[in-house]
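*Asks:* okay, sequence plus prediction incoming.
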Amino acid sequence: MHIVAIIVAGGSGSRIRSEIPKQFLALGDTMVLGHSLNAFDRHPRINEIVVVLPSELTARYGPDLIGRRTPTRVVAGGARRQDSVARGFALVPQYADLVVVHDAARPFVSVPVIDRTLDAALEGGAAVAAIVSQDTVKLADRVDGLPIVDTTLPRDTIYLAQTPQVFRRDVLEDGLALGVTGMDVTDEAMLVERAGHTVRLVDGDPGNVKLTTARDLAVARARVQWPGGGSGMRVGIGYDLHRLVEGRPLVLGGVTIPYEFGLLGHSDADALCHAVVDSMLGAAAAGDIGQHFPNSDPRWKDASSLDLLVRASAIVRERGLAVRNLDVVVIAERPALGPYLDAMRTNVAEATGVTPADVGIKGKTNEGVGPLGHGEAIAVHAVAQLGLAADPAIESLLL
């Protein structure tokens, strides 16, 4: 039994709003395509792999995809999906028994789904992984340009097609022959159906999602980082302290406060922002402020700590997370901070992508005790709660 897998990676990624096609975006320690490729490279029943890439990116990415356990070749794709599959199919040897077609943008395909689809195609000639629709589906018509319901389809007869789709070599060849006649289709099973072959449906997996939007990518990144699932909620604690000295401005939460002393530090020494940065990085298990913004780096000399907060927010988003809320306590014997707290909340909220209602900032004294109570320094405690970055409101910030 000789089985060849064609991994279709020719999409443009336009709906995910990225200059880089989605299949080449980072997902954990590899790219999206890498996960799909690994699934078939490690599968004991797969004998060869053909990866179809966008023609303009074949030279850039192709060399990194070969040299695996399973013999792998790379070919440039065509203008349409069926054209790309046809180019991959041209590399399938005549003696191949089954051909698997899989979307590179489905990085979570599992061994059981692959096996079920292979077994069904071996028995019936063509098989598609699919899941039963959980939603009610309306068939629409148009009246005066407006969509109206024509009929409601029986939900138990509606299946959502996934990949892998597996075919006997001769069956797929028949289908692809129709593809060159100008017929546009959305998957290979549609061509095979039009060629008169029966296509079996096998149980897919709701987790075998196709990454199409920025929301999909954010959820996928969190899923890779935390395989156990759940809400992705993470809590981090931050702390910072800076001495008060003459000749420096006093900046807290991006607000310059009139005072005879200011905080000493490499940047603007905004202890409030620094504590929030550490709380966010800690919640994301992404190191600390010294790792990302060391005081030995001249780039951060006298830098606005709000800029550091913006950069820390980007680091968090790269891990598929976003700030849900922040709580901050500033310990300062003087000056009085009350008149400036709202402005601080607004600045911190804007830098972290939330609303001021999601940011709590309180000022406390140390009751005259110790260096803080003697007015020698200001300290800040911060707590950050992060969750999965899956809200449409922050999709535009994901990339």
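*Replies:* Everything's here; your move. Residues are numbered from 1 along each chain as shown.

*Asks:* can you show me the helices along the stretch 1-150 of the chain?
*Replies:* Assigned by DSSP state H, counting those that start in this stretch, the stretch 1-150 of the chain shows helices spanning 32-41, 58-65, 81-89, 111-124.

*Asks:* which of these has the lowest mean pLDDT?
*Replies:* Ranked by mean pLDDT, the helices of the stretch 1-150 of the chain bottom out at helix 58-65, which scores a mean of 89.

*Asks:* circling back: make CSV from the helices of the stretch 1-150 of the chain and add distance to residue 222 and mean neighbour count to it.
*Replies:* Every C-beta, even on glycine, is put in place using the N, C-alpha and C of the backbone. Shown next, in CSV, are the helices of the stretch 1-150 of the chain (distance: least, CB to CB, whole Å; neighbours: other CB atoms under 10 Å):
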stretch, distance to residue 222, mean neighbour count
helix 32-41, 14, 22
helix 58-65, 25, 14
helix 81-89, 29, 23
helix 111-124, 22, 18
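
*Asks:* and the one helix or strand residue 243 maps to, what other elements does it pack with?
*Replies:* Per DSSP states H and E: residue 243 is located in strand 234-246. Where contact means 3 or more CB pairs under 8 Å, 6 or more residues apart in numbering; DSSP states H and E, strand 234-246 is packed against strand 261-263, helix 271-283, strand 377-388.

*Asks:* what's the second one packed up against?
*Replies:* Packing contacts for helix 271-283, counted by 3+ CB pairs under 8 Å, 6+ apart, involve strand 234-246, helix 289-292, helix 305-318, strand 321-331, helix 341-352, strand 377-388.

*Asks:* low pLDDT regions in the chain?
*Replies:* Scanning the chain for pLDDT under 70 picks out 11-18, 226-232, 390-399.

*Asks:* hmm, 50 instead?
*Replies:* 391-399 (pLDDT under 50).

*Asks:* ramachandran angles for residue 173?
*Replies:* phi -60, psi -40 (degrees, to the nearest 10).

*Asks:* surely it meets residue 86?
*Replies:* No - using CB atoms under 8 Å, residue 173 is not in contact with residue 86; the gap is 9.7 Å.

*Asks:* flag every buried residue along the strand holding residue 243.
*Replies:* Residues of strand 234-246 classed as buried by neighbour count (16 or more other CB atoms under 10 Å): 234, 236, 238, 240-242, 244.

*Asks:* same check on stretch 68-85?
*Replies:* Going by 16+ other CB under 10 Å, stretch 68-85 has these buried residues: 70, 72, 74-78, 81-85.

*Asks:* now stretch 124-140
*Replies:* 124-131.

*Asks:* which of the residues you listed fall in strands?
*Replies:* Per DSSP state E, strands hold the following members of the buried residues of stretch 124-140: 126-131.

*Asks:* for these, which one is nearest residue 108?
*Replies:* Closest approach between those and residue 108, by CB to CB: residue 129, at 12.0 Å.
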